[in-house]
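Participant: what shape does this take:
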Amino acid sequence: MSDILVAQRHELLVRQLEASDGLKVTELAARLDVSRATIRRDLLDLEAQGRVTRVRGGAVPTMPHPAGQPSEPRPVIAPSAAPRSDARATSAHTLGLLVPSARYYYPQVVAGVQTVATERGVRVVIGLSSYTYPNDVQQIEELAASGATGLLVASATGHTMPQEPFERLRAGGLPFVLMERQPYDRYAPCEFVATDHRQGAFAAVRHFMSLGHDRVALFTNGSPTAALLREGHEAAVRQLGLASGAPVLDSGRPRLDPEEATRLYDRFIKECLAAGTRAALVHSDHDAIELMRRMRSHGLRTPEELALIAYDDEIASLADVPLTAVAPPKHELGVQAARLLLDRLDAADPSAVPVRQLLIQPRLIVRSSCGAAARA
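Facilitator: So this is what the prediction gives:
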């Protein structure tokens, strides 16, 4: 009985978060008539289920929306946690953090930065740019004006940071670390921490080969990551000696209207079957879930007719057939970027600290959709 009540409360909690622009833990506790400690435990449980992503003092819902509609989670505001008794003395540093989204991918990166900030006793000020209307230069200037002593920057212009915002960063004089970005000049002495997405795609194709597939298709959604996944996919096909000619399709942009998305998913399925391809890497989770739904409408099954691996692992575990997924190290990326910047800020002679550039490999999380569980 108690498990049923917990499950019901979890559903109510998610609905409250989905319906509100922001609720404090105290407000959630009052609405559900439970303690704040219970709400915090519920958020931990829901994060473990993949339904929310916690950030410092709060969380964002990550449940998928109805078919054909992208997930649009809202930030959840919660009071700051009490300071740890073993925390270091408060630092004079303030980290300016620029990200292109507070809803997708970056909440976990922000959480990683906040983890280090709490450990080191520093303040974080966040600025939000936009993929649709990038204003990176303005945000960088505003963060500097807010008193930031160092900057963590993920620009809204893709994995290569363009010349103008990069040169503004250098001219500003504040130490900075790029996150999930590299400078337009590959030889620039610039610190960055990024996911090696090429390695992620390569690992997915290699896993399919280990399951007996000699052709692996690729579906991408027009995001900045798409080009890197194509490079990794092409390298794997070439180096592993797989058959060429498997479908490679990009939707052109991350968000499509339902009718256009349906046409593309159906086209991809048809091309895979016609080419004798029975395995596909799909970016993103949402596209993989929708692709699976279209397969069912045609009487096709996953992984029997088409095995799938999703790229991102935001909601992959929640699919009807849990999706094997490549998981970029989002939280760890935030942790490492914050440590690099604070190491330089805390150094007696910052110029003596070597310039560090860190690529982190994603993890492949095996579930049912690739066929490995069925073969085990």
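Participant: please make it C-alpha for all contacts and neighbour counts, starting now.
Facilitator: Will do.
Participant: break this structure down into its domains, please.
Facilitator: For the chain, the structural domains run 2-77, 94-196+329-361, 197-328+364-375, going by automatic domain parsing.
Participant: and the second one, how far from the chain's centre?
Facilitator: The reference is to domain 94-196+329-361. Relative to its chain's centre, domain 94-196+329-361 lies at 16 Å (CA atoms, centre = their mean, to the nearest Å).
Participant: show me what counts as buried in stretch 220-233.
Facilitator: Buried positions in stretch 220-233, judged by neighbour count with 16 or more other CA atoms under 10 Å: 220-230, 232-233.
Participant: possible to save those as CSV with distance to Arg296 and secondary structure?
Facilitator: Shown next, in CSV, are these (distance: CA to CA, whole Å; DSSP: H, G, I helix; E, B strand; the rest coil):
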residue, distance to Arg296, secondary structure
Thr220, 20, strand
Asn221, 21, coil
Gly222, 25, coil
Ser223, 26, coil
Pro224, 29, coil
Thr225, 28, coil
Ala226, 26, helix
Ala227, 29, helix
Leu228, 30, helix
Leu229, 26, helix
Arg230, 27, helix
Gly232, 29, helix
His233, 26, helix
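Participant: JSON lines for the residues you listed, including distance to Ala316 and pLDDT?
Facilitator: What follows is the buried residues of stretch 220-233, written out as JSON lines (distance: CA to CA, whole Å; pLDDT from 0 to 100):
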{"residue": "Thr220", "distance to Ala316": "15", "pLDDT": "97"}
{"residue": "Asn221", "distance to Ala316": "16", "pLDDT": "92"}
{"residue": "Gly222", "distance to Ala316": "19", "pLDDT": "88"}
{"residue": "Ser223", "distance to Ala316": "18", "pLDDT": "88"}
{"residue": "Pro224", "distance to Ala316": "20", "pLDDT": "84"}
{"residue": "Thr225", "distance to Ala316": "18", "pLDDT": "92"}
{"residue": "Ala226", "distance to Ala316": "18", "pLDDT": "93"}
{"residue": "Ala227", "distance to Ala316": "21", "pLDDT": "93"}
{"residue": "Leu228", "distance to Ala316": "20", "pLDDT": "96"}
{"residue": "Leu229", "distance to Ala316": "18", "pLDDT": "97"}
{"residue": "Arg230", "distance to Ala316": "21", "pLDDT": "97"}
{"residue": "Gly232", "distance to Ala316": "21", "pLDDT": "98"}
{"residue": "His233", "distance to Ala316": "20", "pLDDT": "98"}
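Participant: tabulate those residues in a markdown table, adding columns for distance to Leu306.
Facilitator: What follows is those, written out as a markdown table (distance: CA to CA, whole Å):
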| residue | distance to Leu306 |
| --- | --- |
| Thr220 | 16 |
| Asn221 | 19 |
| Gly222 | 22 |
| Ser223 | 23 |
| Pro224 | 26 |
| Thr225 | 23 |
| Ala226 | 21 |
| Ala227 | 23 |
| Leu228 | 23 |
| Leu229 | 20 |
| Arg230 | 19 |
| Gly232 | 21 |
| His233 | 17 |
